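Engineer: Sequence and predicted model, in that order:
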Amino acid sequence: MDEWNEDLEGMESFVLEGRKFVRLPDEEFGHFHTHDCYVFLCRYWVPLERAEDGAEEEEAAGEQDSQMEEDLQSVVYFWQGREASNMGWLTFTFSLQKKFESLFPGKKMEVVRMTQQQENLKFLSHFKRKFLIHRGKRRATENALQPSLFHLRTNGSALCTRSIQVNTDAGLLNSEFCYILKVPFNSEDSPGIVYAWIGRAADPDQAKLAEEIMNTMFSSDYSKQVVDEGEEPENFFWVGIGGSKPYEEDAEYMKYARLFRCSNEKGYFAVSEKCSDFCQDDLADDDIMLLDNGQEVYMWVGTQTSQVEIKLSLKAVQVYIQNMRSKDTSRPRKLKLVRKGNETLYFTRCFHAWGEFRKQCE
């Protein structure tokens, strides 16, 4: 993360408003919304090629100013929320991208298109783990006075750390994670309060990060309070989250969760593992997915899966379970079948901020 940020010469941020992209206000940097599209123009320093002899070195030194311009690489990141329309991408390609290309004539500009929770690692590094994803549209007023709960979670690499809004439900808490709860007040005296809830088994580094996010990413007008599990203030915290409910006290599944895709799209049947930073949208509707949570191996069947893939995947998952049993006799896996739309909690909790399946954008 430090190396990539040292190479970053500058970043300009834009967000789609209506039919055009406008500059993103500085205070909204790191805030994303599921219904919106964002564009980030980044310029990176690239290493200079050393001259082969002294004469060339002297000439290179004399033309340093002109060479410095050539040593900057431009990368444009396009980010699309999982509920945003594809019109944002079309608007970018026919307007903003052409404008960027005219600013840097004769130079190749790399464009990286990303969807929510499938971001480029280099892009994620620029937010230094303070990456918040809100539900709905930016500046929407209909939910402004409703409490909102964010789940802070790291998937594999520390770079893959996000705080994503989930249902405001105490049953979604877990003692191994940290959460941020924003409770607005309908009062002129105080706009509201933001809590950083620290689970008793949470990683100390994440606890510190949750406090930093609370203090820096939310309006200074709000009161701020760090709350340790078991010491929650009844008056606002439990009322804001909708009342106390039983919740899980461990996340052992995080140590074992692995996702595999079974597909014959290349003309032959193959099973390939997704990266540790997998998300709900990695579940391919026309394929079979295998999810190992350390206790069960779920064979997830999409609605457009062929019978041939089902038969081959069933054999593959049996081989996988036998192999894992020989490697780790203390954790024998059980095979379970699940169809799209009928996932249980033990399946969905392996995915950060599980929600309704994304519909095909117009």
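Structural biologist: Ah, there it is.
Engineer: Break the chain into its domains for me.
Structural biologist: 2-125, 141-240, 252-348 (automatic domain parsing).
Engineer: can you list these in TSV and add mean neighbour count, mean pLDDT and distance to Lys359?
Structural biologist: Every C-beta, even on glycine, is put in place using the N, C-alpha and C of the backbone. Output for the domains of the chain, formatted as TSV (neighbours: other CB atoms under 10 Å; pLDDT from 0 to 100; distance: least, CB to CB, whole Å):
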stretch	mean neighbour count	mean pLDDT	distance to Lys359
domain 2-125	15	86	8
domain 141-240	17	93	19
domain 252-348	15	96	11
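Engineer: For the residue lying closest to Phe40 once chain neighbours are set aside, what is the enclosing helix or strand?
Structural biologist: Distance criterion CB to CB, 6 or more residues apart in numbering; nearest residue to Phe40, sequence neighbours excluded, is Tyr77 at 4.4 Å. Using DSSP states H and E, Tyr77 sits in strand 72-80.
Engineer: Tell me the secondary structure at Arg358.
Structural biologist: On the three-state scheme (DSSP: H, G, I helix; E, B strand; the rest coil), Arg358 is labelled coil.
Engineer: Surely it is in contact with Asp281?
Structural biologist: Yes - in this structure, Arg358 is within contact of Asp281 by CB atoms under 8 Å, at 6.0 Å.
Engineer: returning to what we had before: of the domains of the chain, which approaches Phe131 most closely?
Structural biologist: The closest of the domains of the chain to Phe131 is domain 141-240. By CB to CB, the value is 4.8 Å.
Engineer: The closest one: how far from the chain's middle?
Structural biologist: Centroid separation for domain 141-240 versus its chain: 17 Å, with CA atoms, centre = their mean, to the nearest Å.
Engineer: Look up how far Gly199 lies from Phe78.
Structural biologist: According to CB to CB, to the nearest Å, Phe78 stands 35 Å off from Gly199.
Engineer: Which residues are in contact with the residue nearest to Phe40?
Structural biologist: Tyr77 makes contact with Val39, Phe40, Cys42, Val112, Met114, Asn120, Phe123 under the criterion CB atoms under 8 Å, 6 or more residues apart in numbering.
Engineer: Can you tell me which residue sits nearest the middle of this protein?
Structural biologist: Gln117 (3.1 Å; CA atoms, centre = their mean).
Engineer: check contacts around the residue nearest to it when sequence neighbours are not counted.
Structural biologist: Distances taken as CB to CB, 6+ apart put Cys279 closest to Gln117, at 3.9 Å, once the chain neighbours are dropped. Remark: with contacts taken as CB under 8 Å, 6+ apart, Cys279 is in contact with Gln116, Gln117, Gln118, Phe351, His352.
Engineer: Against Leu283, how distant is the first one?
Structural biologist: Between Gln116 and Leu283 the distance, using CB to CB, works out to 14 Å.
Engineer: The second one too?
Structural biologist: The spacing between Gln117 and Leu283, counted by CB to CB, is 12 Å.
Engineer: go on, the third one?
Structural biologist: Computed with CB to CB, the distance linking Gln118 and Leu283 is 12 Å.
Engineer: Quick one: the domains of the chain as TSV, columns for distance to His134 too.
Structural biologist: TSV is the format used below for these (distance: least, CB to CB, whole Å):
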stretch	distance to His134
domain 2-125	5
domain 141-240	5
domain 252-348	16
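Engineer: ok so, going back, what's opposite the residue nearest to Phe40 in the beta bridge?
Structural biologist: Tyr77 has these beta-bridge partners by DSSP bridges: Phe40, Val112.
Engineer: So it versus Ala257, what's the distance?
Structural biologist: Taking CB to CB, one finds Tyr77 at 27 Å from Ala257.
Engineer: and for Arg358 and Asp281, which residues touch both?
Structural biologist: Arg82.
Engineer: contacting residues around Tyr253?
Structural biologist: Tyr253 neighbours (CB under 8 Å, 6+ apart): Asn293, Gly294, Gln295, Tyr346, Arg349, Cys350.
Engineer: same deal with Pro147?
Structural biologist: By CB under 8 Å, 6+ apart, the contact set of Pro147 is Thr168, Leu181, Lys182, Val183, Pro184, Gly240, Ile241, Gly242.
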